[in-house]
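In: model this:
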Amino acid sequence: MDCWSPSSTVDEEFEKLVIRMNPPRVTVDNATSRKSTLIKVDSANKRGSLLEVVQVLMDLDLITRRAYISSDGEWFMDVFHVTDQHGNKLSEVDVAERIQQQLGPRAYSFRSLTRSVGVQPASKHTTIELTGRDRPGLLSEVFAVLTDLKCNMVAAEVWTHNSRMASVVYITDEATGSSIDNPERLTKIKQLLLYVLKGGRDKRTANTAVSVGSTHKERRLHQMMHADRDYDMIDANSGSTSERSKPLVTVENCADKGYIVVNLRCSDRPKLLFDTVCTLTDMQYVVYHATVIAEGPEAYQEYYIRHMDGFPISSEAERQKVIHCLKAAIKRRASEGIRLELCSEDRVGLLSDVTRIFRENGLSVTRAEVTTRGSQAVNAFYVTDASGNPVKRETIEAVRKEIGLTILHVKDDAYSKSPPLDSGNFSLGTLFKSRSEKFLYNLGMIKSCS
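Out: Model prediction:
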């Protein structure tokens with residue numbers, strides 16, 4: 001029988017009342033620092049306040065160079081030193097108003113971590129969430145199934161880490177351009193995608209479910225991979241990573257203050273602060289104080305946290321879990337492979353065709369960002385060969401020629417400086433093509449030519 005707690009309901013309503021009486025105040029200071037814009041946020045404190053602010057700054061494509069956070073008590077005060085994507089101070093006069101608008105009326109829901117895969121209807125699209133074992137050609141098979149089922153992919157994001165894959169895909173009905181809410185059709189989509197995810201190898205963790213409600217895409221990907229326990233698996237690529245680029249995380253109890261002190265050092269990259277704060281929040285930890293410095297190639301973060309129940313870490317196993325989860329959060333978004341950017345007129349089946357060409361040429365997608373801007377498809381793919389190694393120049397050029405030299409571009413400094421390499425006669429693409437075509441033939445996605 002479900003348990004209803006009157007005290008928790010009263011606390012939630014009181015918190016909402018306090019927020020309405022003391023809405024967040026945002027000020028923008030462009031005079032204090034020569035290199036960055038200072039954004040100051042103060043408001044009544046509530047669970048998740050820091051994540052809300054960091055998430056808004058990330059959604060506005062701002063880069064956090066420094067941050068000073070304090071929320072010990074009933075009030076929340078943060079100072080962020082930010083720049084735009086090009087390292088310049090902000091010039092928009094309405095940035096404070098935009099941040100305040102998003103922090104005020106927006107209500108963020110903290111969803112359960114128990115749901116690892118789902119399909120949820122929304123007003124304009126249907127969101128499909130997938131987690132499972134990663135393998136070469138998996139993304140191509142997923143998009144091929146959706147295209148055959150008359151689904152148009154309008155946006156998607158795919159992460160891979162420790163041989164696991166998580167993706168959030170937004171689809172619409174090919175004929176109407178609206179969301180798909182027919183139960184029978186959703187059931188068929190789920191069943192076929194489940195078959196693709198299992199692939200005969202992942203019977204334990206690949207599953208599908210229907211869920212309702214909207215989520216923040218990148219927040220949800222962290223939740224999905226955390227629920228899939230990607231953090232306690234051996235990283236197959238850890239041996240090839242230099243010691244300097246490996247994230248260093250320490251967790252210690254500060255007995256005299258009652259805090260857990262987390263120190264983190266790693267290579268800096270966009271959205272790093274969101275990834276770490278998101279993970280701590282989803283692990284039920286509250287950040288009371290924090291200092292962030294990311295003005296060079298490395299980022300340094302120090303957090304003073306407590307568990308929601310107010311107690312410090314009670315065991316070595318719990319301490320190690322915090323370390324492993326933070327390292328996983330850093331690595332999930334790490335960009336492995338060559339970045340390929342595709343910009344072309346959007347059409348039904350575009351993603352299916354592009355990823356099929358990747359598969360046939362032996363490319364493995366480690367991360368993908370798919371968006372639609374008006375009638376244009378703007379996509380980015382990070383690719384390696386099937387073994388996780390850099391792709392040869394001639395393979396990339398062959399893929400570009402097949403897709404279109406004017407619409408598929410390489411955005412990688414190392415690639416532009418590398419000399420052409422000789423290739424052998426054997427093609428991994430032929431091997432993956434035959435295996436994947438056999439798999440899709442069994443699903444009824446393609447017909448036999450014999």
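
In: the bottom helix or strand of this structure by mean pLDDT?
Out: helix 428-443 (a mean of 50; mean pLDDT, DSSP states H and E).

In: wait, what's in contact with the residue most central in space within the chain?
Out: The residue lying closest to the centre of the chain (Cα atoms, centre = their mean) is Glu218, at 3.8 Å. By Cβ atoms under 8 Å, 6 or more residues apart in numbering, Glu218 lies in contact with 58, 157, 271, 274, 278. (Glycine included, C-beta is placed from N, CA and C.)

In: can you do 7 Å?
Out: By Cβ atoms under 7 Å, 6 or more residues apart in numbering, the contact list for Glu218 reads Glu157.

In: for the stretch 201-350 of the chain, what spans make up the strands?
Out: All strands of the stretch 201-350 of the chain, identified by DSSP state E, counting those that start in this stretch, fall at 248-254, 259-267, 285-293, 298-307, 338-345.

In: the shortest one pairs with which strands, parallel or anti?
Out: Taking DSSP bridges as the criterion, strand 248-254 forms sheet pairs with strand 259-267 (antiparallel).

In: try the third one
Out: In the sheet, strand 285-293 lines up against strand 63-70 (antiparallel), strand 298-307 (antiparallel) (DSSP bridges).

In: neighbouring contacts of it?
Out: 50, 64, 66-72, 259, 273, 277, 280, 300-308.

In: list the buried residues in stretch 220-234.
Out: 220-228, 230-231 (16 or more other Cβ atoms under 10 Å).

In: nearest to Asn162, out of those residues: which one, please.
Out: Asp230 (4.7 Å; Cβ to Cβ).

In: got the contact list for the closest one?
Out: Contacts of Asp230 (Cβ under 7 Å, 6+ apart): 161-162, 164, 328.

In: any chance of those in a markdown table, with secondary structure too?
Out: Output for the contacts of Asp230, formatted as a markdown table (DSSP: H, G, I helix; E, B strand; the rest coil):
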| residue | secondary structure |
| --- | --- |
| His161 | strand |
| Asn162 | coil |
| Arg164 | strand |
| Ala328 | helix |
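
In: ranges for the helices of the chain?
Out: 6-21, 49-59, 95-103, 138-148, 183-198, 217-227, 272-282, 316-332, 350-360, 393-403, 413-417, 428-443 (DSSP state H).

In: any low-confidence regions in the stretch 51-200 of the chain?
Out: Scanning the stretch 51-200 of the chain for pLDDT under 70 picks out the ranges 104-123, 200.

In: try it again with 80
Out: Residues of the stretch 51-200 of the chain meeting the criterion pLDDT under 80: 72-74, 92-94, 96-97, 100-123, 199-200.

In: now swap in the stretch 301-450 of the chain and tell me
Out: 311-312, 335, 412-450.

In: can you do 90?
Out: 308-315, 333-336, 348, 374-375, 387-388, 411-450 (pLDDT under 90).

In: how near is Glu74 to Phe381?
Out: 46 Å (Cβ to Cβ, to the nearest Å).

In: so which of these two has more stuff around it?
Out: Phe381 (23 against 10; other Cβ atoms under 10 Å).

In: contacting residues around the more buried one?
Out: 340, 365, 368.

In: and the second one, how many neighbours?
Out: It stands for Val365. What Val365 shows, counting by other Cβ under 10 Å, is a neighbour count of 24.

In: which one is it nearest to, not counting chain neighbours?
Out: Leu139 (5.0 Å; Cβ to Cβ, 6 or more residues apart in numbering).

In: so how far is Leu90 from the one you found?
Out: Leu139 is 36 Å from Leu90, by Cβ to Cβ.

In: neighbour count winner among these two?
Out: Neighbour comparison, Leu139 and Leu90: the larger count goes to Leu139, with 28 against 18 (by other Cβ under 10 Å).

In: which residues touch the more buried one?
Out: 158, 355, 365, 368.
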